[in-house]
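In: Sequence below, structure please.
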Amino acid sequence: MTHVRLLDWSLDELVRRGEIDGSWLDALRPVEPHLETLAHTLSGTPFLPDSSHVFRALQTPLDAVVVLLLGQDPYPTPGYAMGLAFSVPADVRPLPGSLRNICAELVSDLGGVVPATGDLTPWVQRGVMLLNRTLTVSPGSSGSHGRLGWDVVTHAIIAALADRPAPLVVLAWGRVAQAAVAPLAQREKVRVIESAHPSPLSASRGFLGSKPFSRANDALIELGVEPVDWSL
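Out: Down below sits the predicted model:
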């Protein structure tokens with residue numbers, strides 16, 4: 001009989017392994033049983049990103065986040081997903097279509113040169129949380145884990161960000177992201193900036209030309225926060 005190694009996504013173990021920052025513990029305790037159910041469901045099955053990167057967005061401390069950029073689910077191409085929404089490792093070529101459109105809009109909005117890679121880690125280091133609504137996907141099958149229940153976990157993450165006294169700007173690209181953050185629109189210290197998804201299927205219908213980066217910085221300044229350096 002083949003022995004299936006079970007995933008251990010208990011919160012204390014995730015913190016011990018450095019896969020999430022300890023500042024998220026209180027926010028995620030109520031959904032810990034759900035995390036353990038997800039771990040049981042996914043144990044022994046292939047999924048992306050690598051299990052050690054599933055919660056990578058939560059390695060940023062809760063209080064360090066100034067912008068939440070919400071995506072849908074990881075890239076289903078092996079070697080692309082790295083636990084950060086829209087980002088790919090620096091050696092990935094060609095860039096996924098959504099990321100090419102993000103880079104094009106970045107240059108159109110703020111000027112500068114086309115980024116040399118699709119690794120968006122510098123944004124994370126400056127307080128931008130790159131969070132997918134669904135944190136895993138089956139290889140080669142976009143959207144395949146959309147009904148596993150990851151939204152319970154990511155709702156808790158989004159709510160924790162919104163419940164802080166600190167200001168927050170949210171970039172919601174596409175209907176999935178917009179539905180997730182709709183309850184935040186009336187929060188006094190939260191600004192939600194919506195547009196179409198940057199996918200090649202929809203980018204021309206409201207993402208390209210939407211100037212999300214300058215609008216996010218304008219909102220941060222209005223909230224009394226330093227603007228983000230979006231350069232890559």
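
In: residues touching the residue nearest to residue 99 when sequence neighbours are not counted, list them.
Out: Of all residues not flanking residue 99 in the chain, residue 118 sits nearest, at 4.8 Å (C-beta to C-beta, 6 or more residues apart in numbering). In short, each C-beta sits where N, CA and C put it, glycine included. Residue 118 makes contacts with 87-90, 92, 95-96, 99, 103, as judged by C-beta atoms under 8 Å, 6 or more residues apart in numbering.

In: Quick check, pLDDT for residue 118.
Out: On the pLDDT scale, residue 118 is placed at 97.

In: wait, isn't residue 213 in contact with residue 108?
Out: No - counting by C-beta atoms under 8 Å, residue 213 stays clear of residue 108, with 9.6 Å between them.

In: Looking at those two, which is more packed in?
Out: Higher neighbour count among residue 213 and residue 108: residue 213, with 21 against 13, using other C-beta atoms under 10 Å.

In: Which one (most neighbours) among the contacts of residue 118?
Out: Going by other C-beta under 10 Å, residue 87 tops the contacts of residue 118 with 29 neighbours.

In: Now it: which helix or strand?
Out: For residue 87, there is no host helix or strand (DSSP states H and E).

In: who's in contact with it?
Out: For residue 87, counting by C-beta under 8 Å, 6+ apart, the contacting residues are 99, 118-121, 130.

In: at 7 Å what do you get?
Out: By C-beta atoms under 7 Å, 6 or more residues apart in numbering, the contact set of residue 87 is 118-121, 130.

In: Kindly report the same for residue 149.
Out: Residue 149 is in contact with 34, 38, counting by C-beta under 7 Å, 6+ apart.

In: Then residue 86?
Out: Going by C-beta under 7 Å, 6+ apart, residue 86 touches 71, 98-99, 102, 120, 130.
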